[in-house]
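Participant: structural data only, the sequence is not supplied:
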């Protein structure tokens, strides 16, 4: 579907609920906050829902205090941002009937999203972030940027491009960010809040994780593990791993970088980063995950001792496929 269909759906709505994906990052949250704010400026009721709540490093974003864990409106339009509706986690599991009653649209930039879960879907894999897409959407809704809108949208772009250090940052991305900064987005402060300003407990956790870093295939696969015990012993929140994989991906020989995060006794969340010599989605799709060719994720419903070898096996298979393709 085109951007025009999304614009029409928002204009026709009277009550709008915007939905973040599970374990929200700055892109899903910033996009959800911006679309809700735009809807309100158009005279509609709106709410922002994140089933897992707002992570501490994003709590300072304008409007973050309005985010609900469960929907309260009876919307005629629900908007899933930065992932399909099934990725909304607790909201999808516990509010399925509610979701079925609303007209669902989807705005996303992940290549793995085929858009089939929504009546209207706008998926643009060329966008560096969903917030980039929303920034392009606002003028078509007649919404002018202000400092708050610019800030939440810039936050999403900062996180998804690692402040423009990832190859997904295009000339269009930079032009969009220039407009956001001109409208008041504090670029340096956003970078610091997302990638710095770590509490001492996080430094202790990262130290534990770095101490356990392993490699395979002569260093082409680099991986680390975060267990629940590590969180408890360092006094860290689950969100304390944010940014760690980017540090790990700086390993010179690493074509595939993996972070295993224990979420429960038999549930492991996996983040994958790759160079141009491997496809991250090819690895995570084996476990029902998705994302981008260079950055993807999945959840493996197995104990850590089973999840790690299973995912590493897929990593090795992908390197073999990539080598055969001549990458």
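Facilitator: Great, that's in hand. As the structure is a computational prediction, the values presented were derived from the model and not from experiment.
Participant: just give me how far the helix or strand where residue 203 lies sits from the chain centre.
Facilitator: Following DSSP states H and E, the helix or strand that holds residue 203 is helix 200-211. Put simply, helix 200-211 sits 23 Å off its chain's centre (Cα atoms, centre = their mean, to the nearest Å).
Participant: going forward, begin numbering at 875 instead of 1
Facilitator: In the new numbering, first residue 875, that becomes helix 1074-1085.
Participant: name the surrounding residues that touch the next helix or strand after that helix.
Facilitator: Going down the chain from helix 1074-1085, the next helix or strand is strand 1088-1090, by DSSP H and E. Residues from elsewhere that reach strand 1088-1090 (Cβ atoms under 8 Å, 6 or more residues apart in numbering): 1095-1098, 1125, 1127-1128, 1186, 1189-1190. Quick note: C-beta positions are derived from backbone N, CA and C, even for glycine.
Participant: repeat the analysis, applying 6 Å as the threshold.
Facilitator: With contact meaning Cβ atoms under 6 Å, 6 or more residues apart in numbering, strand 1088-1090 is reached by 1096-1097.
Participant: can you list the strands that the helix or strand following it pairs with?
Facilitator: The helix or strand immediately downstream of strand 1088-1090 is strand 1095-1100, counting by DSSP H and E. Strand 1095-1100 sits in its sheet next to strand 1088-1090 (antiparallel), strand 1130-1138 (parallel), going by DSSP bridges.
Participant: the stretch 975-1124 of the chain: helices as residue ranges?
Facilitator: Counting by DSSP state H, counting those that start in this stretch, the stretch 975-1124 of the chain has helices at residues 1004-1011, 1021-1035, 1045-1056, 1061-1069, 1074-1085, 1102-1108, 1118-1122.
Participant: where in this structure is pLDDT low?
Facilitator: Across the chain, the ranges flagged by pLDDT under 70 are 875, 1201.
Participant: check it for its longest helix and report it.
Facilitator: helix 1178-1199 (DSSP state H).
Participant: just want the angle from it to strand 1095-1100.
Facilitator: Per axes from the mean of the first three to the mean of the last three Cα atoms, to 10 degrees, the angle that helix 1178-1199 makes with strand 1095-1100 is 160 degrees.
Participant: contacting residues around helix 1178-1199?
Facilitator: 1095, 1130, 1134, 1136, 1142, 1144, 1151-1152, 1156-1157, 1160, 1174.
Participant: go on, stretch 1024-1041?
Facilitator: With Cβ under 6 Å, 6+ apart, stretch 1024-1041 has contacts from 899-901, 904-905, 907-908, 935-936, 1002-1003, 1005-1006, 1009, 1042-1043, 1051, 1054, 1057-1059, 1064-1065, 1068, 1120.
Participant: mind listing what's buried along that stretch?
Facilitator: Burial within stretch 1024-1041, assessed by neighbour count using 16 or more other Cβ atoms under 10 Å, is assigned to 1024-1038, 1040.
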